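1. what would the 3D arrangement of this be:
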Amino acid sequence: MTLYRDEGIVLRTQKLGEADRIVTVLTRRTGRIRAAAKGVRKTKSRFGARLEPFTHVDLQLYERRSLDLITQAETLRPYGEALVTDYPRYTAGTAMLETAEKLTSEEGEPALRQFLLLVGGLRTLAERAHDPRLVLDAFLLRSLSVAGWAPALDECCRCGVRGGLRGFAIAAGGAVCANCRRPGAATPAPPTFALMLALLRGDWEYADASEQRHRMETSGLVAAYLQWHLEHGIRSLRHVERETGPADEAAPAREAPADDTDIPRERV
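-> Alright, predicted model coming up:
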């Protein structure tokens, strides 16, 4: 067996036998791994509490044929402590963990940029400097960009023209102009495109000053775009709190906006 060390964020845990757990971790150097932690469900476990979701840990592991074995765990940053008492931030963080796992589909494949995005997102949530839904949407957009699926937001994804954007076509790859817009495509307000672009680029001054209706519209489009490319839903998103008001009359329809029906369902 080969001994190695790595740091990572605990994504989730599963029961294994009577006292053990399978721990899924997104690590800095190794990517996503699943490892066994012996005896962590016992009350006298040496490091059971250190292997909970949201925890940034330094691990020592033995490489094995099936599941690697965790032999040591040291907490670097317990992000969960700052999130579990705040439901909107906790659910946003849970959606981040699930998305990070889904976007790193192959175990043992390095995913440094995804790891750094997740650490930054959890740290921003814990610091409470921005609205948790904005933080989540920024994380989702940047994660899609790292995966090669960044939506076009400042030019038409069909013809490349800048300006005059009138729709958002999920299957086509993002914003479309009036000439390229097909029936059934979502029609977001211009400030919604600006907000999505600000979140992708990290312009928090603009994002924090945005109106709630545009935040709601952005959340619906980002969630639908993410889940279309993943080809299945993110279960945690249904628990994320969304504030509504008089300006959000069309919000339910934006949760999963209609898209072009004549475009083959393939990744673009």
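2. for stretch 180-199, what is the distance to the chain centroid?
-> 20 Å (CA atoms, centre = their mean, to the nearest Å).
3. please read the previous query as pertaining to stretch 200-209.
-> Relative to its parent chain, stretch 200-209 has a centroid offset of 18 Å by CA atoms, centre = their mean.
4. next one: stretch 100-115
-> So, by CA atoms, centre = their mean, the centroid of stretch 100-115 is 12 Å from its chain's centroid.
5. start and end of that stretch, how far apart?
-> Stretch 100-115 has its terminal residues 8 Å apart, counting by CA to CA, to the nearest Å.
6. name the residues of that stretch that are buried.
-> For stretch 100-115, burial by neighbour count (16 or more other CB atoms under 10 Å) applies to 100-104, 111, 114-115. C-beta coordinates here come from the backbone N, C-alpha and C atoms, glycine included.
7. kindly report the same for stretch 82-92.
-> Applying 16+ other CB under 10 Å to stretch 82-92 flags 82-83, 88-92 as buried.
8. for Lys38, phi and psi?
-> Main-chain dihedrals, Lys38, degrees, to the nearest 10: phi -80, psi 130.
9. what is Asp20 paired to in the beta sheet?
-> Leu16 (DSSP bridges).
10. for it, give its distance to Gly164.
-> Plainly put, Asp20 is 59 Å away from Gly164 if you go by CB to CB, to the nearest Å.
11. who has more neighbours, those two?
-> Using other CB atoms under 10 Å as the criterion, Asp20 and Gly164 rank with Asp20 on top: 19 against 12.
12. okay, now the domains of the chain?
-> Here the domain assignment for the chain is 1-129, 133-268, based on automatic domain parsing.
13. now the last one: average pLDDT?
-> Confidence for domain 133-268, expressed as mean pLDDT, is 81.
14. equivalent analysis for the shortest one, please.
-> Average pLDDT, domain 1-129: 90.
15. quick one, helices of the stretch 151-268 of the chain?
-> Using DSSP state H, counting those that start in this stretch, the helices found in the stretch 151-268 of the chain span residues 190-201, 204-208, 212-230, 251-254.
16. narrow the buried residues of stretch 82-92 to those in helices?
-> 82-83, 88-92 (DSSP state H).
17. out of the residues you listed, which is nearest to Ala37?
-> Taking CB to CB as the measure, Ala37 sits nearest to Leu83 out of these, at 21.6 Å.
18. contacting residues around that closest one?
-> Contacts for Leu83 were tallied using CB atoms under 8 Å, 6 or more residues apart in numbering; they are 54, 89-90, 93, 122, 125-126.
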